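J.: one predicted model, sequence on top.
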Amino acid sequence: MKKITTVALLIVSFLALAQQKSKIQLKPFSTKDKTVTVYTTADGTDLRLTKTDNLQFTDLKQPLETQLCVFVNPSKTFQTFLGIGGAITDASAEVFAKLTNENQKEFLEAYYDKEKGIGYSIIRTNIHSCDFSSGSYTYVDEGDAALKSFNIEHDKEFKIPLIKKAIAAAGGKATLYVTPWSPPAFMKDTKNMLRGGRLLPEFYQSWANYYVKFINSYQKEGIPVWGLTIQNEPMARQTWESCIYTAEEERDFLKNYLGPTLKKAGLGDKKITVWDHNRDLLAQRASTILDDPEANKYVWGIGFHWYENWSGGDSMFENVGKVHEMYPDKNLMFTEGCVERFDFKKLQLWANGERYGESMIHDFNNGTVGWTDWNILLDENGGPNHVGNFCFSPIHGSTKTGELIYTPSYYFIGHFSKFIGKSAKRISSVSSQSYLMTTSFLNQDGKAVTVVMNKTDKKLKYNLCIGTKATEIYILPHAIQTLVY
């Protein structure tokens with residue numbers, strides 16, 4: 001009887017503690033004594049993540065239809081924020097090595113320091129070569145299916161040193177995931193790492209072992225690997241390193257080879273992301289893989305890129321939301337995006353930055369937990385790239401002068417990454433008119449972060465509304481603002 005009483009008391013105590021914690025978590029957000037700090041980046045001005053206002057909340061019980069408003073409801077919470085970052089490719093690392101020590105320090109702070117820079121916390125890197133490498137390479141000798149020759153000496157010259165410095169600059173913590181662009185040529189039906197081709201079934205196990213070798217090698221270098229994607233752009237026959245997987249092929253490789261192999265190697269905690277391609281076929285790929293229970297159990301999330309507008313159509317933001325509706329227990333991760341077709345004259349083109357702002361707002365509002373840009377650094381030609389696929393990055397480094405060139409994209413990304421903290425919760429954020437785009441998050445310290453973007457040619461006045469409280473804010477034409485309160 002005494003034992004039963006003791007157990008009962010423990011249960012009651014546990015429930016009471018759980019309720020107490022629940023009450024703490026559900027503590028309502030209050031605007032009382034809160035100041036709204038406004039940071040602005042605007043075209044045609046010197047404003048770049050510049051603090052432009054400190055405002056107070058006043059009463060606004062019923063907005064009028066003629067008043068432009070952003071309605072934020074902190075009690076309505078959604079996905080948990082993982083972070084924002086970019087890819088450290090061979091190209092980025094090679095350009096970084098050519099910078100002066102002073103500019104290297106500035107560069108690392110600009111990206112990874114939360115106070116001095118924009119607080120990147122996610123890193124993606126390539127498993128052997130991709131297009132943004134100076135040439136094709138693998139970690140094994142040609143034909144070595146047993147992987148006895150496997151080594152990562154190539155990466156120790158440029159890429160690994162930069163990854164280590166980036167992690168240190170981010171405070172010793174960063175979410176790093178890895179991606180292959182193609183298996184070695186001998187494992188493919190085309191015997192070529194470039195221009196598509198398929199992984200031959202007889203090499204499925206060898207290729208799965210390759211991921212294990214890579215992850216273990218990086219971790220021996222003191223670089224923790226958080227996760228991986230199975231294949232970069234598995235439906236694209238590119239002129240560079242690429243490999244085609246149908247949805248069924250990716251599913252079967254995952255459930256029969258990669259998933260079990262990682263688990264057997266003690267790497268079952270690594271987060272596996274599928275697809276890693278555009279939003280257009282996102283739903284079909286997710287359904288094929290996730291509707292299979294054996295494949296589903298290995299999947300952390302679904303990754304996507306933004307290049308589906310190659311056809312001339314619009315970005316398919318809503319596809320992200322549809323997949324989130326179908327599989328709310330899986331995570332959505334933006335794994336790559338950049339502005340293509342490099343042109344030095346367009347380094348400061350404002351529309352490039354707006355493309356980032358628009359995509360990030362839509363992607364977060366559709367359930368995305370993390371957002372990864374492509375190269376963090378490229379040279380004055382948009383490279384190096386061994387097949388001439390030159391692109392833009394948020395920062396470019398001149399290999400002639402050592403100068404760092406910050407583009408509008410850097411500041412647009414910073415309006416999110418600098419202010420939204422890891423494990424923040426997205427909260428409801430709705431604009432009353434199409435002139436403004438918005439998304440909002442609630443940080444763990446209790447501060448709300450609202451991002452507002454104005455793509456129009458007009459200076460606009462709007463109200464930030466929380467319940468019956470509001471503050472009036474002006475936003476310049478072609479501007480993005482972050483409101484912290």
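T.: Received, thanks.
J.: just checking, what packs against whichever strand or helix holds N216?
T.: Assigned by DSSP states H and E, N216 falls within helix 204-220. Using 3 or more C-beta pairs under 8 Å, 6 or more residues apart in numbering; DSSP states H and E, the elements in contact with helix 204-220 are strand 122-127, strand 175-180, helix 247-253, helix 259-264. C-beta: built from backbone N, CA, C; applies to glycine.
J.: quick one: closest of these to L199.
T.: Of all the helices and strands packed on helix 204-220, helix 247-253 sits nearest to L199, with 7.3 Å by C-beta to C-beta.
J.: which residue packs closest to Y139, ignoring adjacent ones?
T.: In space, and not counting its chain neighbours, Y139 is closest to F150: 5.2 Å by C-beta to C-beta, 6 or more residues apart in numbering.
J.: can you list the helices and strands packed on helix 204-220 in CSV and add mean pLDDT?
T.: CSV is the format used below for those (pLDDT from 0 to 100):
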stretch, mean pLDDT
strand 122-127, 98
strand 175-180, 98
helix 247-253, 98
helix 259-264, 98
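J.: closest to R279 out of the ones you listed?
T.: Among those, the nearest to R279 by C-beta to C-beta is helix 247-253 (15.1 Å).
J.: ok, the residue lying closest to N375 once chain neighbours are set aside - contacts?
T.: Residue nearest to N375 in three dimensions, not counting chain neighbours: S393, with 4.4 Å by C-beta to C-beta, 6+ apart. By C-beta atoms under 8 Å, 6 or more residues apart in numbering, S393 lies in contact with 86, 92, 338, 373-378, 382, 407, 409.
J.: just the element for S393, please.
T.: According to DSSP H and E, S393 maps onto no helix or strand at all.
J.: tell me how far it lies from T401.
T.: For S393, the distance to T401 equals 17 Å [C-beta to C-beta, to the nearest Å].
J.: which SS class is the residue nearest to Y139?
T.: Put simply, F150 is coil when judged by DSSP: H, G, I helix; E, B strand; the rest coil.
J.: re earlier: what residues does the next helix or strand after the helix holding N216 touch?
T.: Counting by DSSP H and E, the element after helix 204-220 in chain order, helix or strand, is strand 227-229. Under the contact criterion C-beta under 8 Å, 6+ apart, strand 227-229 has outside partners 175, 177-179, 211, 215, 270-276, 300, 303, 335.
J.: equivalent analysis for stretch 315-328, please.
T.: Contacts of stretch 315-328 (C-beta under 8 Å, 6+ apart): 278-280, 282-283, 286-287, 290, 302, 304, 306, 308-309, 332, 358-359, 362-363, 365-368.
J.: thought A265 was touching Y211?
T.: No - using C-beta atoms under 8 Å, A265 is not in contact with Y211; the gap is 9.0 Å.
J.: in strands, which of the contacts of S393 fall?
T.: Among the contacts of S393, DSSP state E puts 86, 373-375 in strands.
J.: what segments of the stretch 1-150 of the chain are helices?
T.: Using DSSP state H, counting those that start in this stretch, the helices of the stretch 1-150 of the chain run over residues 2-25, 90-97, 101-112.
J.: rounded mean pLDDT for the shortest one, please.
T.: The average pLDDT for helix 90-97 rounds to 98.
J.: helices or strands up against that helix?
T.: With contacts taken as 3+ C-beta pairs under 8 Å, 6+ apart, helix 90-97 sits against helix 159-169.
J.: closest one to Q219 among the helices and strands packed on helix 204-220?
T.: Evaluated over these, closeness to Q219 peaks at strand 175-180, with 10.2 Å, by C-beta to C-beta.
J.: residues of the helix holding N216 that come out buried?
T.: Residues of helix 204-220 classed as buried: 204, 206-218 (neighbour count, 16 or more other C-beta atoms under 10 Å).
J.: dump the residues you listed to JSON lines, plus distance to I230 and pLDDT.
T.: Output for the buried residues of helix 204-220, formatted as JSON lines (distance: C-beta to C-beta, whole Å; pLDDT from 0 to 100):
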{"residue": "Y204", "distance to I230": "12", "pLDDT": "98"}
{"residue": "S206", "distance to I230": "15", "pLDDT": "98"}
{"residue": "W207", "distance to I230": "10", "pLDDT": "99"}
{"residue": "A208", "distance to I230": "10", "pLDDT": "99"}
{"residue": "N209", "distance to I230": "14", "pLDDT": "99"}
{"residue": "Y210", "distance to I230": "12", "pLDDT": "99"}
{"residue": "Y211", "distance to I230": "9", "pLDDT": "99"}
{"residue": "V212", "distance to I230": "14", "pLDDT": "99"}
{"residue": "K213", "distance to I230": "16", "pLDDT": "98"}
{"residue": "F214", "distance to I230": "13", "pLDDT": "99"}
{"residue": "I215", "distance to I230": "13", "pLDDT": "99"}
{"residue": "N216", "distance to I230": "18", "pLDDT": "98"}
{"residue": "S217", "distance to I230": "19", "pLDDT": "98"}
{"residue": "Y218", "distance to I230": "17", "pLDDT": "98"}
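J.: and which of those residues is nearest to E248?
T.: Ranked by distance to E248 (C-beta to C-beta), the buried residues of helix 204-220 are led by Y204 at 13.4 Å.
J.: before we move on, back to that, farthest pair in the ones in strands among the contacts of S393?
T.: Spatial extent of those (C-beta to C-beta) is set by the pair D373 and N375 at 7.7 Å.
J.: direction included, what does the longest strand along the chain pair up with?
T.: When the chain is parsed with DSSP E, its longest strand is strand 69-80. Each strand paired with strand 69-80, and its direction, by DSSP bridges: strand 425-431 (antiparallel), strand 460-466 (parallel).
J.: residues contacting that strand, please?
T.: Contact with strand 69-80 is made by 28-29, 63, 331-332, 367-369, 423-432, 436, 438, 440, 442, 448, 450, 452, 462-466, 470, as judged by C-beta under 8 Å, 6+ apart.
J.: out of the residues you listed, which are buried?
T.: Buried residues within the contacts of strand 69-80, counting neighbours by 16+ other C-beta under 10 Å: 29, 331-332, 367-369, 424-427, 429, 431-432, 436, 438, 440, 442, 448, 450, 452, 462-466, 470.
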